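# 3D, please:
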Amino acid sequence: MPIKIPDQLPALSVLANENIFVMSENRAINQEIRPMQVAILNLMPNKIEAEIQILRMLSNTPLQINIEFVRLNLNESKNTPKEHLDSFYYLFDEIKHKHYDGLIVTGAPLGQIDYEQVSYWNKITEVFDWAQSNVTSTMYSCWAVHAALYHFYGISRDLREQKLSGVYEHQTKDPMEPLTRGFDEEFKVPHSRYGEVKKSVYENQPQLNILAESSDAGVYLVATKDKKHVFVTGHPEYDATTLKDEYERDIKAGVESVIPANYLLDNDINNSPKNSWRSHGCLLFSNWLNYYVYQETPYQLEQN
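Alright, predicted model coming up:
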């Protein structure tokens, strides 16, 4: 079954042209199915690009999913048209009375800023606490991982002098773990971040299980034992060109940067990159929806 999204959302036509199965809202209302209710708190500046990337990851599940995009406040994005936000996004205060099967919290370009200096820190911690009782399972990405770890466990990230940027080999840790079911023993994931939490810090938290890691990029995938929280430090949703676009943006802005590792042929920025991680990215999201959401959620969401 496909994900169900509003008829006029730009991602609908983009994904349909990629032969990805999505369903318009008008078509979905005629089906007698209890769809999964998934909210996406999109903190990225270019929200349309992030929408397409995440919806692409969610598209390969047999479940029907109702998607609702969420933002924290009215003045959040300078890189997305106001008309788009007004048409497709709910304010958190408008939906916080509801229950959801799943919640995805994206990363944000805040990797070098102290948490308490983030303008919406109080609001996002309100979301974190709300999700504890209103969401079956929450997936955090990149910056949101470190923010949630700090909020729930008091874990402070370390900041790298230079951004970790590139595509790295990873290994799964537990062959019986459902979240990595079907993964190869080694698989690739892009990373783009300054923040880092050491493996030993995760291991000191009895509630957390390390599920996948990289000898070069560190811990990648962590989940709580009750399946309510999934922490993804990399970016399996990235397009082939996203790391290149970020590098060129940083260079243009005068930020000292290195070409993303293990990414371009001959490490030449003029070469076109290839996507070597999408299959495992889709499988991760599909496994999360199946084993951490669908298999755990009550039929009546209010029982969450």
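# What average pLDDT does stretch 212-222 get?
Rounded to a whole number, the mean pLDDT of stretch 212-222 is 98.
# Report the buried residues of it.
Going by neighbour count (16 or more other CB atoms under 10 Å), the buried part of stretch 212-222 is 212-214, 217-222. For glycine as for every other residue, the C-beta is placed from the backbone atoms N, C-alpha and C.
# Please put the alpha-carbon coordinates of that stretch into PDB.
Extracted C-alpha coordinates of stretch 212-222, given in PDB (Å, rounded to 0.1, in the frame of the first residue of the first chain):
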ATOM      1  CA  ALA A 212      24.600  -0.300  13.600                       C
ATOM      2  CA  GLU A 213      27.900   1.500  13.500                       C
ATOM      3  CA  SER A 214      30.800   2.500  11.400                       C
ATOM      4  CA  SER A 215      34.500   2.400  12.200                       C
ATOM      5  CA  ASP A 216      34.900   5.800  10.500                       C
ATOM      6  CA  ALA A 217      31.600   7.500  11.200                       C
ATOM      7  CA  GLY A 218      30.800   6.100  14.600                       C
ATOM      8  CA  VAL A 219      27.400   5.000  16.000                       C
ATOM      9  CA  TYR A 220      24.700   5.200  13.300                       C
ATOM     10  CA  LEU A 221      21.500   3.500  14.600                       C
ATOM     11  CA  VAL A 222      20.300   3.300  18.100                       C
END
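# what about residue 153, neighbour count?
15 (other CB atoms under 10 Å).
# Where does the closest residue to it other than its chain neighbours sit: helix, strand or coil?
Distances taken as CB to CB, 6 or more residues apart in numbering put residue 205 closest to residue 153, at 5.7 Å, once the chain neighbours are dropped. Assigned with DSSP: H, G, I helix; E, B strand; the rest coil, residue 205 falls in the coil class.
# What are the phi and psi values at residue 133?
Geometry field for residue 133 lists phi and psi as phi -110, psi -10, criterion degrees, to the nearest 10.
# and it, how far is that from residue 194?
The span separating residue 133 from residue 194 equals 32 Å under the rule CB to CB, to the nearest Å.
# same question, residue 160
Distance, residue 160 to residue 194, using CB to CB: 5 Å.
# Of these two, which one has the most company?
Counted by other CB under 10 Å, residue 160 and residue 194 do not tie: residue 194 has more neighbours, with 19 against 13.
# show me what contacts the more buried one?
Residues in contact with residue 194 (CB atoms under 8 Å, 6 or more residues apart in numbering) are 111-112, 159-160, 163-164.
# for residue 251, same thing?
By CB under 8 Å, 6+ apart, the contact set of residue 251 is residue 257.
# ok now do residue 220, which residues does it touch?
With contacts defined as CB under 8 Å, 6+ apart, residue 220 is in contact with 170, 189, 191, 212-214, 232-234.
# at 6 Å what do you get?
Contact criterion CB atoms under 6 Å, 6 or more residues apart in numbering gives 170, 189, 212-214, 233-234 as the residues in contact with residue 220.
# helix, strand or coil for the closest residue to residue 148 other than its chain neighbours?
In space, and not counting its chain neighbours, residue 148 is closest to residue 140: 4.9 Å by CB to CB, 6+ apart. For residue 140, the secondary-structure state derived from three-state DSSP is strand.
# Does residue 140 touch residue 233 like I think?
No. With contact defined as CB atoms under 6 Å, residue 140 does not reach residue 233; the gap is 9.1 Å.
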